[in-house]
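*Asks:* dropping the sequence and predicted coords here.
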Amino acid sequence: MTPPPHIAKFREHYTDIGHSVVKNLFVFIACLIQGKTVNLYNLRDEVGKITEKYKTTSGGHYKRLSRFLQANSTSKLWHYVLIYGISLLKKNIRVCYLDATEWEIGNFQLHILTLAIDYQGVAIPIYFQVYEHKGVLSEKERIKFLQIACTYFPLQKIILIADREFIGKEWFEEMHKLQICFICRVRRGMFKNQLIAGRSYEKLQARARKKKRASILVNSGLNQYRLWVVHKQDTSTNEEFIYIITNVLDKQQIPNLYRMRWKIELLFKHLKTNGYRLEDLRIKDLNKIRLIFAMLSLTYILAILAALNERKNKPMKQKKYKDQRYFDMESVFKQGQSLLKQRFISLKGFLCLVQFLENTSCYYQPINLIFVQ
């Protein structure tokens, strides 16, 4: 039987993957969209509709999903899925975010470190790694992660924004070495002995109270950074100030850029409680989790592209809040997920939709197809 055109086209890039594997890959992704969960037991009910095999039992559908994960979890498939998702995105990327999400599966501690780019105002995952780990990863592990991420996506001159879990002298030096422009929140007192001109934290804080923000250069070995102290306007926490370190020395909008970090929190929210119920995952095999998260990343990208394509001709209505700010009535992700779910029933319809989104997006990103970790 001749494979559908899109499956054949997909295999042109990844010739070591069989036709049946690619077919089951897209069946799995279609089930994620229709089922809105990563739990295989719940996803099994979607397989019959997608494959149009209505006489097969739900137990058979479950085995199909399980066998697919078992057979491909240690292969390069997760890598190919990630690369394919990146290839659908445009090239004018200026900002990215780094953060981790973690939860427990019984006594199993799952930690997923994720790098996301800001794509037209939405955080989209482009690289990740899964760990059996609780809490903050070591500098060594984070540096290794970043080095590999640079082989997937050109991060030079891109601004990376991260929270205060991602700190450390070697960590900052490595980002500077990789020519990554970083903006990281730090703890109070960090670099206190390296402030130039004899300044102190107390003087910076006093100035920040008057001017809302204050900054000073920091000498750290061979590199020079800028420390920002920002006076918080809200009283939601006991912290009066936010401290930010950056190797971008001449930009006054750095504190405003840091505020964009919440977008990766929205990404995790969509993947979890507001989208695909990621925490319903009951698998403890890191390789299988890696493949599932790669498929979920591609699913998320397709949803974002579907919504952005729809908004070209039908702008989303906005709601005005008391503080005079405007927000979309529906998020880009929720709109895109709804559009995807409505526009196909079978695998054939899904492949046509994917091909349409591929053709309407601007690609191809320069990425390394060889390096696999």
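*Replies:* All right, it came through fine.
*Asks:* sec struct for D16, please.
*Replies:* What DSSP: H, G, I helix; E, B strand; the rest coil gives for D16 is coil.
*Asks:* ok, it to Y80 distance?
*Replies:* 9 Å (CB to CB, to the nearest Å). Every residue, glycine included, has its C-beta placed from N, CA and C.
*Asks:* out of the two, which sits in the busier spot?
*Replies:* A direct count of neighbours by other CB atoms under 10 Å for D16 and Y80 places Y80 higher, at 21 against 10.
*Asks:* residue contacts, that one?
*Replies:* By CB atoms under 8 Å, 6 or more residues apart in numbering, the contact list for Y80 reads 13-14, 17.
*Asks:* make TSV from those and add neighbour count and distance to N24 to it.
*Replies:* Shown next, in TSV, are these (neighbours: other CB atoms under 10 Å; distance: CB to CB, whole Å):
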residue	neighbour count	distance to N24
H13	13	17
Y14	17	14
I17	17	11
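*Asks:* tabulate those (JSON lines), appending distance to L340.
*Replies:* Shown next, in JSON lines, are these (distance: CB to CB, whole Å):
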{"residue": "H13", "distance to L340": "23"}
{"residue": "Y14", "distance to L340": "23"}
{"residue": "I17", "distance to L340": "23"}
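*Asks:* can you tell me which of these is nearest V230?
*Replies:* Nearest to V230, judged by CB to CB, of those is H13 at 45.2 Å.
*Asks:* leaving out sequence neighbours, find the closest residue to the spatially most central residue of the chain.
*Replies:* Centrality entry for the chain: nearest residue to the mean C-alpha point is P125, 2.3 Å, by CA atoms, centre = their mean. Closest residue to P125 apart from its sequence neighbours, by CB to CB, 6 or more residues apart in numbering: S297 at 4.5 Å.
*Asks:* count the neighbours of L88 for me.
*Replies:* L88 has 22 neighbours, counted by other CB under 10 Å.
*Asks:* is it true that it touches E358?
*Replies:* Yes. Counting by CB atoms under 8 Å, E358 is a contact partner of L88 at 6.1 Å.
*Asks:* common neighbours of those two, please.
*Replies:* Counting by CB under 8 Å, 6+ apart, L88 and E358 have no contacts in common.
*Asks:* mind listing the strands for this structure?
*Replies:* Ranges of strands within the chain are 95-105, 108-119, 122-132, 159-162, 181-186, 213-220, 223-231, 241-246, 318-320, 326-328, based on DSSP state E.
*Asks:* as JSON lines, those strands with distance to G35 and mean pLDDT would be great.
*Replies:* Output for the strands of the chain, formatted as JSON lines (distance: least, CB to CB, whole Å; pLDDT from 0 to 100):
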{"stretch": "strand 95-105", "distance to G35": "19", "mean pLDDT": "95"}
{"stretch": "strand 108-119", "distance to G35": "20", "mean pLDDT": "96"}
{"stretch": "strand 122-132", "distance to G35": "20", "mean pLDDT": "96"}
{"stretch": "strand 159-162", "distance to G35": "32", "mean pLDDT": "96"}
{"stretch": "strand 181-186", "distance to G35": "37", "mean pLDDT": "96"}
{"stretch": "strand 213-220", "distance to G35": "46", "mean pLDDT": "90"}
{"stretch": "strand 223-231", "distance to G35": "43", "mean pLDDT": "92"}
{"stretch": "strand 241-246", "distance to G35": "40", "mean pLDDT": "94"}
{"stretch": "strand 318-320", "distance to G35": "30", "mean pLDDT": "74"}
{"stretch": "strand 326-328", "distance to G35": "25", "mean pLDDT": "73"}
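*Asks:* looking at those, which is buried most?
*Replies:* With neighbours defined as mean count of other CB atoms under 10 Å, these peak in mean count at strand 159-162, which reaches a mean of 24.
*Asks:* what residues does R188 make contact with?
*Replies:* The neighbours of R188, taking CB under 8 Å, 6+ apart as the test, are 201, 241, 243.
*Asks:* can you check which of the strands of the chain gets nearest to Q337?
*Replies:* Nearest of those (CB to CB): strand 122-132, 12.5 Å.
*Asks:* just want the angle from that closest one to strand 95-105.
*Replies:* Orientation of strand 122-132 against strand 95-105 (axes from the mean of the first three to the mean of the last three CA atoms, to 10 degrees) gives an angle of 40 degrees.
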